[in-house]
Each structure stands twice: as structure tokens, then as C-alpha cells.
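Trainee: sequence? don't have it. structure:
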Ligand SMILES: [Zn+2]
Ligand SMILES: [Zn+2]
Ligand SMILES: [Zn+2]
């Protein structure tokens, strides 16, 4: 399946992508219910399940999910809010605690005691027999003449205690240094299917399972969707690609769905198919072609290894493709 450049309705462009179809199929049949972001080792966040299903890169996967959410085909929900470097967006840091009094990063942590009579604060471990190291008086009763302020930080440089040191971050990617209050937060989303769009999506989801099974039973290797590098060097995505064990019989099937008859802009699909060596190319247009496109396509229709199929109903695609391929598989014409 291919994206038509001049298609005006973004959802139709999206839904015609084989990779998007594979993802939506997984949502529709319940094999995925929610896509959650995963933070990878390099700090990038990914949707590994979606990448696996669609065969797309991390970046393209995110773009597709965002686009599907933009069309309200998927719902997005804030899954994680992470602090990121304001300069490069990295979310992996070395964090240093900084003394708010003198800026030193040499801070020791410990549980503290404050002698209320003289105001001296010290780590518990420095107090022997409850004698205040400053005024040498004995501390007698918790809450009366001393208290426990809890865990605090002592600056090795200026000796001051603080309960709230500043946090200085250095991102791992570029070593940018910034304070916590200068950081920015980024929301990472999880995605679910919008149940109200199920009927709409169903109009685009093509069930080629019968075709896949039939081809497999004849010993062909089948991929759907499939990325194939053409003779021009450009990589194309097809709805289905099948090849025989010796690599001799190559079948490509490409399906384009629209909400109205498809015009001659669909010619790009035919050129795409011709860019790949194949013994059979089946091009399916749903719900059909415009008169103008049909006239134009008549030239390609007569090519011996090309079948142009107009199909009114998406549910008939499987059987129509099988019809075309049945002839082919039985007759096995010479590869062109
Ligand atoms: Zn950075
Ligand atoms: Zn004291
Ligand atoms: Zn200090």
C-alpha cells in the first residue's frame, strides 16, 4: 500500500499504510490494548511493540502514533513525565547536590540532632552521651531541649547544614550543566484505540489471511507487509510479498483504499510495482477507479505480469486476489 501524495484526507493516507494497518489490526483483534513508552539504554523512549509490528524505526513509529492520535484514531494518555536537559532533551543525568550557601558540591548526608538551647546542629553520629559538642551541656528530653530535624546535608566546605540542597544536573549526552529549576519536563504518552473509530478503521483493514495461507500451502514464503528495495534503489512497502524457494516466483500485492473512486494519482503505485522484479503484480483499488484512471490504466492492464483489480467491497479483497493468483499459480507463466 502506498500513500498518495495528493490525498487530502490525512486519515485515509495514514490508514492506507501497510505498517499502520498492521498496528491497527493488532489493536482491533486485541493482541495489543495499550502501547506504553519504554526508556531505552541510550535515553531515547521507544514503543518496542509498535516497532516490531510495523517494522518501523523509533522515530517513524513515534510520528505514526502521534499522527494517529491527531486523527483521534488512537487516544493518548500521559504515561510518564520525565525531566529532560533544556539544551538537548537527554533524560539521563549525573546529579550533584550543591550547597545553597557556598555552591560547593561536597555535601555529606546524615541524620541530625539540633540542641535547642544553643541552636547547634550536628550529625547524630558526632554526639557522644547526648553531650552537645558546642556548649558541652547534656541534652535531656526530645522535643524539650533538643529535636531531630531528620536527614540533612552538611557542607564540607562551609560547614553549614541544609535540608534542601540545590540539584545540579549534567546530561550524559552532551554534558550540559543546569539546575533542577532550569530543567524542562517532557510528557511521554501511552496509546489506546479509540473504540468509536472501530467501524471507520474496519473499512480500511484488509484481511489477506486466506491469501497468505493459500500461498504458504503452496510452499511460498510470504511477508505482509513487506519492504522491498526496487531496481531504482528506493525501498518500497507492499501489502504482501511472496516468493518461491528458488526465488523464482515472486508475487507482490498492493492494495489502495479510498472513500471514493481513485483517480490517476494511483499511477504511482503501478510505477512502484514495476520497480520491483516480480512474476506477478496484483494491484487492488478499493472502491475502484475513476473513468479517467481506468482509461489510463488500460495500458498497464495488458502487461502480462500485472493484474489491476477494482474491488467495491473491502471484504472481497481476499477472494479477488486469490482468484487472480489461483490462475497464476496453476499456469506458472514465465517470469518477466
Ligand atoms: Zn544536554
Ligand atoms: Zn548546645
Ligand atoms: Zn557550603
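Mentor: Happy to help now that I have it. Note that the structure is a prediction, hence the values are computed from the model and not measured. Ligands and ions are numbered 1, 2, ... in the order given.
Trainee: any idea which element residue 59 lies in?
Mentor: Taking DSSP states H and E as the criterion, residue 59 maps to helix 58-70.
Trainee: If you could redo that for residue 82, that was the one I meant.
Mentor: Assigned by DSSP H and E, residue 82 belongs to strand 74-84.
Trainee: That strand close to ligand 1?
Mentor: No - residues of strand 74-84 are not located near ligand 1 by CB under 5 Å from the ion, the shortest gap being 8.2 Å. Bear in mind the C-beta positions are built from the backbone N, C-alpha and C, glycine included.
Trainee: quick one: buried residues of that strand?
Mentor: Judged by neighbour count (16 or more other CB atoms under 10 Å), strand 74-84 contains these buried residues: 74-76, 82-84.
Trainee: Name the nearest of those relative to residue 190.
Mentor: residue 76 (7.2 Å; CB to CB).
Trainee: For the closest one, which residues are in contact?
Mentor: By CB atoms under 8 Å, 6 or more residues apart in numbering, the residues touching residue 76 are 65, 69, 189-191.
Trainee: What is the nearest of those residues to residue 43?
Mentor: residue 189 (17.2 Å).
Trainee: What are the boundaries of the strands in the stretch 101-250 of the chain?
Mentor: With strands called from DSSP state E, counting those that start in this stretch, the stretch 101-250 of the chain shows them at 107-115, 121-123, 146-155, 161-162, 166-171, 177-179, 184-193, 221-223, 226-229, 235-238, 240-243, 250-257.
Trainee: In contact with residue 227, which residues?
Mentor: Taking CB under 8 Å, 6+ apart, one finds 55, 235-237 in contact with residue 227.
Trainee: give me the beta-bridge partners of it?
Mentor: With DSSP bridges as the criterion, residue 227 is bridged to residue 237.
Trainee: if we can go back for a sec, can you say which two of the contacts of residue 227 are spatially most distant?
Mentor: Spatial extent of these (CB to CB) is set by the pair 55 and 236 at 13.0 Å.
Trainee: Which one's more surrounded, those two?
Mentor: residue 236 (20 against 16; other CB atoms under 10 Å).
Trainee: Count the residues that sit near the residue nearest to the more buried one when sequence neighbours are not counted.
Mentor: Computed as CB to CB, 6 or more residues apart in numbering, the closest residue to residue 236 that is not its neighbour in sequence is residue 272, at 5.0 Å. Residues lying near residue 272 (other CB under 10 Å) number 21.
Trainee: again, but for residue 288
Mentor: 15.
Trainee: what's the closest non-adjacent residue to it?
Mentor: residue 310 (4.0 Å).
Trainee: Show me what the one you found is bridged to.
Mentor: Bridge pairing for residue 310 - DSSP bridges - gives residue 285.
Trainee: ok, it to residue 316 distance?
Mentor: 11 Å (CB to CB, to the nearest Å).
Trainee: Ok, residue 114 next?
Mentor: 82 Å.
Trainee: Can you pick out the residue with more neighbours from these two?
Mentor: Between residue 114 and residue 316, counted using other CB under 10 Å, residue 114 has the larger neighbour count: 18 against 14.
Trainee: where's the residue nearest to the more buried one when sequence neighbours are not counted relative to ligand 2, distance?
Mentor: Nearest non-adjacent residue to residue 114, counting by CB to CB, 6+ apart: residue 121, 4.7 Å away. Using CB to the ion, to the nearest Å, we find residue 121 at a distance of 10 Å from ligand 2.
Trainee: what does residue 280 give?
Mentor: 93 Å.
Trainee: same question, residue 211
Mentor: Applying CB to the ion to residue 211 and ligand 2 gives a distance of 87 Å.
Trainee: That residue: how many residues sit nearby?
Mentor: Residue 211 has 26 neighbours, counted by other CB under 10 Å.
Trainee: go on, residue 205?
Mentor: 18.
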